[in-house]
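Novice: fold the following and give me the result.
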Amino acid sequence: MHHASDHVKADFRSDTLTQPTDEMFKIMQQASRGDDVYGEDDCVRSLEAHVAKLAGHEAGLFCASGTMTNQLAFRASLLVPPASILCDSRSHVFRHEAGGLAAHSHLTVYPVKPVSNQGHHLTVQDLEQEFVDSEFVVDDGDVHMAPTRMISLENTLDGTVMPLQDVQAIAAFAREKGVLLHLDGARIWNAVVAQGCELAEYTRLFDSASLCLSKGIGAPIGSVLVGNKALIQKARHFRKMFGGGWRQAGGLAAAAEWCIEHVWPTMTQTHALAKDLAEGLEQELPGATVYTAVETNMVFLDVNGSGIQLSELSRHLKTKGIEIGNRAAPDSQTQVRLVLHWQITRAHVDEFLEVVQGLAAQAKRTGPQIKSDQPRKRVYGSR
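Specialist: All right, here's what the predicted structure looks like:
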């Protein structure tokens, strides 16, 4: 049987595009076949307990996606309006979850732009600027604003890591203010590898955390929401309400367990390959810029001034079975996000750089391209 992706050797568009392996399918065939809505699937219950333990929380809930685990956390945590949430202005929960915060949980969102450290990540100082204290709404009777009830952080965000000490400071701030703290941990697995710490050191600081399994971890599908038992029981109720109840999901849970055991330990190599790719691109493509620090598995490249077009690079790479995204921002013609994962090898990176080297030599013969003054755009939470 042939599949649409058979011609693709290496896909740099996203780490969501990894392919299930034969070994995963063998594990899935051996998985339990109970009904998860009835709480009768052993593999699902084992995965939920395992991830919760890794994250330092009481319980877990296996769901179809990170968007669902994020939205369930908000809905199960904040049941009564008026309420508002603070989050990074670039975050996925604000920009890329189809307005779910307002639709599902009736939440007002105050997006916060990180400014205190050159826009790298949010700090307490950034959050203080937008925090709406409940005393102004409840005690003083000012009904014009929705009090802050939760802070949501994303780690990693655009491949960059929020340092543990800043998360600890924000957690202390949240406790002082009496508000909840949620983690969109779509790539938290990458973050803890980059920081060299245990997963629970990060995640136990949060009241709830969404841990995606289908990105860096490489599972075919799924995300686990962790928190205390009461929160997870509420989230299980809302998962059913939202139409997200699993039936025979044991095979998917078994594949995720396999990936936690076998893929997660390889992330250090993936991060190293990302740095090597970034260095190679700047070396082989004079005029191009890697415009965001490579801290985990993402490389943001701007080919402006290099003498080649992004579409040209994409076309030549495709002839070698290598896929890249069209652009890093909707209105950019020169920037691209490259995402590495466990199925990208050293040989793939070398072949990528060989194509770049050939195009750079060709551009040198035909003359440099006029460089644009267009400001660089970030991908802003796109998965």
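Novice: what's the first-to-last distance across stretch 106-118?
Specialist: The first and final residues of stretch 106-118 sit 32 Å from each other (Cα to Cα, to the nearest Å).
Novice: quick one: mean pLDDT for the helix or strand containing residue 271?
Specialist: Element membership for residue 271 (DSSP states H and E) is helix 267-284. Per-region confidence: helix 267-284 scores 98 on mean pLDDT.
Novice: quick one: list the elements packing against that helix.
Specialist: Using 3 or more Cβ pairs under 8 Å, 6 or more residues apart in numbering; DSSP states H and E, the elements in contact with helix 267-284 are helix 188-195, strand 289-290, strand 298-302, helix 346-366. All C-beta spots, glycine's among them, are computed from the backbone N, C-alpha and C.
Novice: buried ones in it, by neighbour count?
Specialist: 267, 270-271, 273-278, 280-281, 284 (16 or more other Cβ atoms under 10 Å).
Novice: mind listing the strands for the protein?
Specialist: For the chain, the strands defined by DSSP state E occupy 10-11, 59-63, 84-88, 108-112, 148-154, 180-185, 208-212, 223-227, 289-290, 298-302, 322-323, 335-339.
Novice: was I right to think residue 87 contacts residue 170?
Specialist: No. The pair residue 87 and residue 170 does not pass the contact test of Cβ atoms under 8 Å, sitting 11.7 Å apart.
Novice: which residues are common contacts for those two?
Specialist: 151, 153 (Cβ atoms under 8 Å, 6 or more residues apart in numbering).
Novice: quick one: which of the two has more around it?
Specialist: Of the pair residue 87 and residue 170, residue 87 is the one with more neighbours under other Cβ atoms under 10 Å, namely 26 against 23.
Novice: list the residues that contact the more buried one.
Specialist: Counted by Cβ under 8 Å, 6+ apart, residue 87 has contacts 93-94, 109-112, 151-154.
Novice: how about a cut-off of 10 Å?
Specialist: Residues in contact with residue 87 (Cβ atoms under 10 Å, 6 or more residues apart in numbering) are 93-95, 101, 109-112, 122, 127, 130, 150-154, 182, 184, 381.
Novice: which of the residues you listed count as buried?
Specialist: Using 16+ other Cβ under 10 Å, the buried ones in the contacts of residue 87 are 93-94, 101, 109-110, 112, 122, 127, 130, 150-154, 182, 184, 381.
Novice: so where's the stretch 151-300 of the chain uncertain?
Specialist: Scanning the stretch 151-300 of the chain for pLDDT under 70 picks out nothing.
Novice: name the nearest residue to the residue nearest to the spatial centre of the chain, ignoring sequence neighbours.
Specialist: Of all residues in the chain, the one closest to the mean position by Cα atoms, centre = their mean is residue 186, 3.4 Å from it. Take residue 186 and drop its neighbours on the chain: the residue closest to it by Cβ to Cβ, 6 or more residues apart in numbering is residue 212, 4.4 Å away.
Novice: and that neighbour, how far from residue 148?
Specialist: Applying Cβ to Cβ, to the nearest Å, the value for residue 212 to residue 148 is 25 Å.
Novice: repeat that for residue 195.
Specialist: 27 Å.
Novice: which of these two has more residues huddled nearby?
Specialist: residue 148 (24 against 19).
Novice: residue contacts, residue 266?
Specialist: Taking Cβ under 10 Å, 6+ apart, one finds 193, 216, 218, 341-343 in contact with residue 266.
Novice: cool, residue 116 as well?
Specialist: 122-129, 166.
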